[in-house]
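**Student:** let's see this in three dimensions:
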Amino acid sequence: MFNLTGKNILVTGAAGLLGLEFVFSLIKYGATCYAIDINIKELKKLELKLRKKNLSKKLQIFKIDITNTKQLIKFEKNLQKKNIFIDTIINNASNNPPPKKLIKSSWHKDIDVNLTSVKNIIDIFSKKMIKNKTGNIINIGSDLSVIAPDQKIYADIKNYIKPLSYSVTKHGIVGITKYYASLFGKYNVRVNCLSPGGVFNNQNKKFVKKVSKYIPLGRMANKNDYNGFIVFLSSNETKYMTGHNLVVDGGRTII
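**Tutor:** Have a look, this model is predicted:
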């Protein structure tokens, strides 16, 4: 049902915690992934992992700064020269530094990475989709795209609150999704959003326990809990679905 054979999928932030999971899963289901990130080292590790499974031909890796529009345009032109049509975009890249690395305000960086680059990528790659009258765009949001952060969760972290910029950009991702879904519908280009909840990534036990109390399923997500949903959204099974924000958060936002 969810065979992705023949699909060319662009994944941004492909070297991130979820990005690596997404790319591996998409390739496992038959897609060819064009993985871009500034962290080429992690992408090479993934390439090696796929080589051991004889799947490395399905992965193309590129070191690209998505905030650099010239790099994006050059990348798209090179794909066109090779007659490669990107039929699916997964805007996964996001600036969300952990508290210890948040030295100063992240407002401008968050806006550039989480919103402006998403707009630019859609604008650049959707032209061919519109021309071909087919395409699929998946934006990655957050449970904080529909709720505000509860700052009590971070109370034990000295001089830290979850930045306003993160909430603004994740709410904005939903707005971008709805805007382009409405704009591109007549071209058979669908645009949806996947909003994950918090993912366990070796946070300290006290923090994990505190967050888990907010979640009806009683735990944070594992990094592979979203793989099935990204495959689902990338497949033709969602051909009548557009403008939707699919929230997968263990139930946190229902309370």
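**Student:** can you list the weak-confidence ranges in this protein?
**Tutor:** 97-105 (pLDDT under 70).
**Student:** give me that answer again for 50
**Tutor:** By pLDDT under 50, the low-scoring segments of the chain are 103.
**Student:** would you map the helices across it?
**Tutor:** Along the chain, the segments classed as helices by DSSP state H run 17-28, 40-51, 69-81, 107-111, 117-132, 164-184, 205-212, 227-234.
**Student:** turn these into a markdown table, columns for distance to residue 247 and mean neighbour count.
**Tutor:** (C-beta placed from N, C-alpha, C; glycine too.) Shown next, in a markdown table, are the helices of the chain (distance: least, C-beta to C-beta, whole Å; neighbours: other C-beta atoms under 10 Å):
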| stretch | distance to residue 247 | mean neighbour count |
| --- | --- | --- |
| helix 17-28 | 15 | 22 |
| helix 40-51 | 27 | 16 |
| helix 69-81 | 29 | 14 |
| helix 107-111 | 20 | 16 |
| helix 117-132 | 18 | 18 |
| helix 164-184 | 10 | 19 |
| helix 205-212 | 16 | 14 |
| helix 227-234 | 10 | 19 |
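**Student:** as TSV, the ones you listed with distance to residue 5 would be great.
**Tutor:** Formatted as TSV, those follow (distance: least, C-beta to C-beta, whole Å):
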stretch	distance to residue 5
helix 17-28	11
helix 40-51	16
helix 69-81	19
helix 107-111	36
helix 117-132	18
helix 164-184	24
helix 205-212	38
helix 227-234	12
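**Student:** right, and the ones you listed - which one's nearest residue 7?
**Tutor:** Ranking the helices of the chain by proximity to residue 7 (C-beta to C-beta) places helix 227-234 first, at 6.8 Å.
**Student:** then the closest one to PDB, C-alphas only?
**Tutor:** Presented in PDB, the C-alpha positions along helix 227-234 are these (Å, rounded to 0.1, in the frame of the first residue of the first chain):
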ATOM      1  CA  ASN A 227       8.600   6.900  10.500                       C
ATOM      2  CA  GLY A 228       5.200   5.400   9.600                       C
ATOM      3  CA  PHE A 229       3.600   8.800   9.400                       C
ATOM      4  CA  ILE A 230       6.200  10.300   7.100                       C
ATOM      5  CA  VAL A 231       5.900   7.200   4.800                       C
ATOM      6  CA  PHE A 232       2.100   7.600   4.900                       C
ATOM      7  CA  LEU A 233       2.200  11.300   4.000                       C
ATOM      8  CA  SER A 234       4.700  10.700   1.300                       C
END
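**Student:** and the residue nearest the centre of the chain?
**Tutor:** Compute the mean C-alpha point of the chain, and by C-alpha atoms, centre = their mean the closest residue is residue 92, 1.9 Å away.
**Student:** roughly how far does it sit from residue 33?
**Tutor:** Distance of residue 92 to residue 33, computed by C-beta to C-beta, to the nearest Å: 11 Å.
**Student:** overlap in contacts of the two?
**Tutor:** Common neighbours of residue 92 and residue 33, counting by C-beta atoms under 8 Å, 6 or more residues apart in numbering, are 11, 14.
**Student:** quick one, which of the helices of the chain is nearest to residue 221?
**Tutor:** Nearest to residue 221, of all those, is helix 17-28, at 9.4 Å by C-beta to C-beta.
**Student:** hang on, isn't residue 31 packed against residue 55?
**Tutor:** No. With contacts counted by C-beta atoms under 8 Å, residue 31 stays clear of residue 55, the gap being 10.6 Å.
**Student:** neighbour count for those two, which is higher?
**Tutor:** Neighbours were counted for residue 31 and for residue 55 using other C-beta atoms under 10 Å; residue 31 has more, 25 against 15.
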